[in-house]
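Chemist: Make a model of this:
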Amino acid sequence: MDIIIRNTGQTPIYDQITRQLKGHILSGALAEGEALPSMRALARDLRISVITTKRAYEELEREGFITTVPGKGCFVAPRNLELMRESALRQVEEHLQRAVDAAKMGAISREEVLQTLDILYEEE
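Modeler: As a prediction, the model looks like this:
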């Protein structure tokens, strides 16, 4: 499982971890019931604070992506793919609404926004 942290940009490190782990779970790279690295091990591997990994894991648990078993660790939760997909779609809609609002304020056309979206989508 690869997690890449970028210190440039405005995305907090815990959010980068959360997003990447969600992606691994949704893609099936992390299977249901699979153990995640301990918070301390992940923090050590990424050279970040344990508090940061704790916040990422708490966010994932709150959203139903992982479960914590006291004394044993964190595991990928049984998946309700439709619920997870709906959660991801809701986030995309929120981000796109902000992008549309910014585009309208900047007098950027719908076509320019769609072209930009196509370029960004292909970069991944």
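
Chemist: how much space between residue 111 and residue 98?
Modeler: 19 Å (Cβ to Cβ, to the nearest Å). Using the backbone N, CA and C atoms, a C-beta is placed for each residue, glycine as well.

Chemist: same thing with residue 67?
Modeler: Counting by Cβ to Cβ - residue 67 and residue 98 are separated by 31 Å.

Chemist: Those two: which is more packed in?
Modeler: Shown here are residue 67 and residue 98; by other Cβ atoms under 10 Å, residue 67 has more neighbours (14 against 10).

Chemist: Chain neighbours aside, what residue packs nearest to residue 63?
Modeler: residue 87 (6.3 Å; Cβ to Cβ, 6 or more residues apart in numbering).

Chemist: Revised request: answer the last question for residue 50.
Modeler: Using Cβ to Cβ, 6+ apart and skipping residues adjacent in sequence, the residue nearest residue 50 is residue 43, 4.4 Å away.

Chemist: residue contacts, residue 109?
Modeler: residue 103 (Cβ atoms under 8 Å, 6 or more residues apart in numbering).

Chemist: Tell me how the chain divides into domains.
Modeler: In the domain annotation for the chain, the residue ranges read 13-76, 81-123 (automatic domain parsing).

Chemist: Mean pLDDT lowest where, among the ones you listed?
Modeler: When these are compared by mean pLDDT, domain 81-123 comes last with a mean of 89.

Chemist: Name the helix or strand for the residue most central in space within the chain, please.
Modeler: The residue lying closest to the centre of the chain (Cα atoms, centre = their mean) is residue 19, at 1.1 Å. Counting by DSSP states H and E, the element that carries residue 19 is helix 13-27.

Chemist: following that helix, which helix or strand shows up next?
Modeler: Sequence order places helix 39-46 as the next helix or strand after helix 13-27, per DSSP H and E.

Chemist: Thanks a lot, catch you later.
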